[in-house]
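Q: sequence and predicted structure below; questions after.
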Amino acid sequence: MPLKTHYKKGDHKGMTLTFFKTYISIFFFCLLSCCTIAQKEVIFEAKTNAKKVLKGKAFRVEFVLQNSRADQFKMPANLEKHFDILSRSKQMSSVITNGQGSFAEIFQFNLRAKKSGMITIGPAYAKVKGKPHKSNSLTIEVVEPIAGQNSSAEKIFFRIEPDKREAFVNEQIILDYKIYYVQETQMSRIYLNEEPDLDHFLYGGEMTQFIKEPDIEIINGQQYVTRTAYRFAVYPRKAGNIIINPQNLFCNIIKDYNPNRPMGNFFAETEQISLSSDPIDINVKSAPTPEPPTFSGAVGTFTGTASVDNTKLSTDDALTLKVTIKGDGDVKQIRVPDLVLSDSLEVYDQKEISENTDEENARLYGTKTFQYIIIPKEPGRYALNPSFTYLDSDTRSYNQVRLDSFELFVRKGNNNNTPVIIDEATPKPIIKNIRSSASLEGNSIDSFFNTIPFWVLFAMPFLIVLAAFGYKTIRKKRENVDVSELKIRRATKVAKKRLATAEAHIKAGNDRAFYDEISKALLGYVSDKFQLPGSELSKNNVKGKLEKAGVSSDITQRFIQLLQTAEMAVFGGAPQGGTQEVYKEALRLIEEVEDKK
């Protein structure tokens, strides 16, 4: 239902000020993003989805101009000599990531080779603000098709392809769920019904669909379009020859596909097929022996830094050392690195204080920070040289990383008492000098009574109790939040946020990403609003949930039709135009379903 907003008299002034501040913030953010893009170097490069193609088969070549727009573009001089140009187009792409903007103009050509052999595509030329830019060249191997091969070759199959067949225990392995199909085959959807069953492997992150432009490969004389449907990281947990058993992947094939009627294919009948991969084996080895005493358990590629809070201290003080390790391995397995110290330095406490994992193209990168409390027992000058050792997955050997070195200057303290250890979470005490004799002069009780400090100290215990009670109440309320109920309440908000992202793809001219975001918005809304697990997000289940919720048959039919349109656009090729209407229809449908709830 639409939200109603009530305003009090005089609120318009505050609203105007708030709007003005928001407008200014957005203006400067956009200005900063544009300046960031403008300052970046102009890059002009040629790309292709195939290094080897069959004569007579189509493939794609792109000339990408990054961080600027071309005033003039000239394609390679020999392009039409060696290839038939089936189609050409120009696309725009812009992305802002972590405040850093990037912009690209893409000149795309769909080609078909006229003859076989090694063919070099010369550079393209672009003029930007009067300055000429030249792309790189590309070399394409064109081979003759094998007679009779097409009739016996598989039309579609699926493989699991690891990025390595040999690894150490706890070493990161990237698995690609890759589907191969002939160009005459078109799919509207690729999906998994359940999480893969991989014995003796630990999943490193979430298994998400990996959307990218298809490539072309030739296998046994047959040219295939290849698409990586899923990509995710795993870690082997035991040594030996580990077998990844056959896994299942499902896809919907468009029947009677006709490339000459792209809009008509959205309403074509589809057929669900199940594909099974062949088993693959991975040779997993134990860490080499003997392990160095400083080995921290990390396997991969890592770097590290160190810092101290003070280099000049007394024997009454404590020193805090922080060691941060980051890399592309499983940081959960990293133990607290041992320190090699002088006998006059004692480690009082050591612990892990933070751990964080990020993901980029399914590869996991982690950061882990440790803290040491060190107490000097004797005055003097000491060298502090922290280091850690990890098993390098590239060199297949142990590598010791020496971190930042520090020279400590320790002077004799006032006494031999054990220094107070100040943790980050503990407020530092304030200690004043203690007098050796007592005096009542200037300390009259009457002069202190009824003063501001007196009433502050008097009220402080009550304020602390009230604050503790309020904190406990808020924390308990947060801990008791029902995640399912939270998803239901936020389903519309999350869906509209995804639709806003889809609208941004319209402006960038990225139709495939637009339809992918539309599909995520619709499916995500139904999943959150009606508590439908991701593994059960089929069109039949979506339709059943909508009907059960009392949504009219007209709205349900439009919802399913738009979902099918988006899926076919993602996997079968996005049609030209119509994206604005699709966006408006998706927004209308979510609002109409919400009104029926």
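A: Good, I have the coordinates. Note that the structure is predicted; figures quoted are calculated from it, not measured.

Q: excluding chain neighbours, what is closest to residue 321?
A: Excluding the flanking residues, the one nearest residue 321 by C-beta to C-beta, 6 or more residues apart in numbering is residue 372, at 4.3 Å. In this view, the C-beta of every residue, glycine as well, is placed from N, C-alpha and C.

Q: mind giving me the packing neighbours of the host helix or strand of the one you found?
A: If you go by DSSP states H and E, residue 372 is part of strand 363-376. Where contact means 3 or more C-beta pairs under 8 Å, 6 or more residues apart in numbering; DSSP states H and E, strand 363-376 is packed against strand 319-327, strand 345-360.

Q: those helices in the stretch 101-250 of the chain, which residues are they?
A: Counting by DSSP state H, counting those that start in this stretch, the stretch 101-250 of the chain has helices at residues 149-152.

Q: ok so residue 461 is a helix residue?
A: Yes - counting by DSSP: H, G, I helix; E, B strand; the rest coil, residue 461 is found in a helix.

Q: how many neighbours does it have?
A: Using other C-beta atoms under 10 Å, residue 461 has 9 other residues around it.

Q: got the buried residues for the strand holding residue 372?
A: Under the neighbour-count criterion of 16 or more other C-beta atoms under 10 Å, strand 363-376 has 363-366, 368-376 buried.

Q: could you dump those residues into a markdown table with distance to residue 510 and pLDDT added?
A: A markdown table is the format used below for the buried residues of strand 363-376 (distance: C-beta to C-beta, whole Å; pLDDT from 0 to 100):
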| residue | distance to residue 510 | pLDDT |
| --- | --- | --- |
| 363 | 23 | 83 |
| 364 | 27 | 85 |
| 365 | 26 | 89 |
| 366 | 31 | 90 |
| 368 | 36 | 93 |
| 369 | 38 | 94 |
| 370 | 43 | 93 |
| 371 | 45 | 93 |
| 372 | 49 | 92 |
| 373 | 52 | 90 |
| 374 | 53 | 90 |
| 375 | 58 | 87 |
| 376 | 60 | 89 |
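
Q: just flag the most distant two among those.
A: Farthest pair in the buried residues of strand 363-376 (C-beta to C-beta) is 363 and 376. Separation: 42.3 Å.

Q: OK, contacts around residue 76?
A: Contact analysis of residue 76 by C-beta atoms under 8 Å, 6 or more residues apart in numbering lists 121, 122, 123, 124.

Q: could you single out the nearest of those residues to residue 302?
A: Nearest member of the contacts of residue 76 to residue 302, counting by C-beta to C-beta, is residue 123, at 39.7 Å.

Q: ok, now how distant is the closest one from residue 74?
A: Noted for residue 123: a distance of 10 Å to residue 74, by C-beta to C-beta, to the nearest Å.

Q: more neighbours: these two, which one.
A: Set residue 123 next to residue 74 and count neighbours by other C-beta under 10 Å: residue 123 wins out with 18 against 15.

Q: close enough to count as contact, the more buried one and residue 132?
A: No - applying C-beta atoms under 8 Å as the test, residue 123 and residue 132 come out as separate, 10.9 Å apart.

Q: residues shared between the contacts of these two?
A: Residues within reach of residue 123 and of residue 132 at once, by C-beta under 8 Å, 6+ apart: there are none.

Q: returning to what we had before: wouldn't the residue nearest to residue 321 be in contact with residue 338 here?
A: No - Residue 372 is beyond contact range of residue 338, at 10.2 Å (criterion: C-beta under 8 Å).

Q: quickly note the distance from residue 405 to residue 306.
A: From residue 405 across to residue 306, the span is 8 Å (C-beta to C-beta).

Q: okay, those two: which has more neighbours?
A: Between residue 405 and residue 306, residue 306 has the larger neighbour count (other C-beta under 10 Å), namely 21 against 11.

Q: all strands for the stretch 401-550 of the chain, in order.
A: Assigned by DSSP state E, counting those that start in this stretch, the strands in the stretch 401-550 of the chain fall at 406-411.

Q: can you pull out the low-pLDDT segments for it?
A: Low-confidence segments of the stretch 401-550 of the chain (pLDDT under 70): 415-451, 453-455, 458, 468-487, 489, 534-535.

Q: try the stretch 1-150 of the chain
A: Looking at the stretch 1-150 of the chain by pLDDT under 70, you get 1-39, 94-101, 147-150.

Q: and residue 229, how far from residue 371?
A: Distance, residue 229 to residue 371, by C-beta to C-beta: 43 Å.

Q: brain fart, residue 138
A: Look at residue 138 and residue 371: by C-beta to C-beta, they are 52 Å apart.

Q: from residue 223, how far out is residue 63?
A: For residue 63, the distance to residue 223 - C-beta to C-beta - is 23 Å.

Q: quick one: which of those two has more around it?
A: Ranked by neighbour count (other C-beta under 10 Å), residue 63 and residue 223 place residue 63 first, with 27 against 24.

Q: the more buried one is in contact with residue 121, isn't it?
A: No - proximity of residue 63 to residue 121 does not meet the contact threshold set by C-beta under 8 Å, at 9.9 Å.

Q: contacts for the helix or strand containing residue 273, please.
A: Assigned by DSSP H and E, residue 273 falls within strand 270-276. Here strand 270-276 makes contact (C-beta under 8 Å, 6+ apart) with 156-158, 179, 188-189, 246-255.

Q: take the next helix or strand after it, keep the C-alpha atoms, and write them as CSV.
A: Counting by DSSP H and E, the next helix or strand C-terminal to strand 270-276 is strand 280-285. What follows is strand 280-285, C-alpha atoms only, in CSV (Å, rounded to 0.1, in the frame of the first residue of the first chain):
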residue,chain,number,x,y,z
ILE,A,280,37.1,-35.2,-12.1
ASP,A,281,40.0,-36.0,-9.7
ILE,A,282,42.2,-33.5,-7.8
ASN,A,283,45.5,-34.6,-6.3
VAL,A,284,45.7,-33.0,-2.8
LYS,A,285,49.0,-33.0,-1.0
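
Q: counting by contacts, list what strand 280-285 packs against.
A: Judged by 3+ C-beta pairs under 8 Å, 6+ apart, strand 280-285 is in contact with strand 156-162, strand 166-168, strand 240-244.

Q: pretty sure residue 241 is touching residue 285, no?
A: No - in this structure, residue 241 is not within contact of residue 285 by C-beta under 8 Å, at 10.3 Å.

Q: what does stretch 127-138 contact?
A: By C-beta under 8 Å, 6+ apart, the residues outside stretch 127-138 that reach it are 42, 44-48, 61, 63, 65, 68-72, 120-126.

Q: mind checking the end-to-end distance for stretch 237-254?
A: End-to-end distance of stretch 237-254: 41 Å, with C-alpha to C-alpha, to the nearest Å as the criterion.

Q: am I right that residue 255 is in contact with residue 269?
A: Yes - between residue 255 and residue 269 there is a contact at 4.8 Å, judged by C-beta under 8 Å.

Q: okay, stretch 64-81 in PDB with CA atoms only?
A: What follows is stretch 64-81, C-alpha atoms only, in PDB (Å, rounded to 0.1, in the frame of the first residue of the first chain):
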ATOM      1  CA  VAL A  64      36.900  -0.800 -26.200                       C
ATOM      2  CA  LEU A  65      37.800   2.800 -25.500                       C
ATOM      3  CA  GLN A  66      38.000   3.300 -21.700                       C
ATOM      4  CA  ASN A  67      37.500   6.600 -19.800                       C
ATOM      5  CA  SER A  68      36.600   8.700 -22.900                       C
ATOM      6  CA  ARG A  69      34.400   8.900 -26.000                       C
ATOM      7  CA  ALA A  70      35.700   8.900 -29.600                       C
ATOM      8  CA  ASP A  71      35.200  11.900 -31.800                       C
ATOM      9  CA  GLN A  72      36.100   9.600 -34.700                       C
ATOM     10  CA  PHE A  73      36.500   5.800 -35.100                       C
ATOM     11  CA  LYS A  74      38.100   3.800 -37.900                       C
ATOM     12  CA  MET A  75      37.900   0.000 -38.000                       C
ATOM     13  CA  PRO A  76      41.000  -2.100 -39.000                       C
ATOM     14  CA  ALA A  77      41.800  -1.600 -42.700                       C
ATOM     15  CA  ASN A  78      42.000  -5.400 -43.400                       C
ATOM     16  CA  LEU A  79      38.800  -6.400 -41.600                       C
ATOM     17  CA  GLU A  80      36.500  -6.600 -44.600                       C
ATOM     18  CA  LYS A  81      39.200  -8.300 -46.600                       C
END
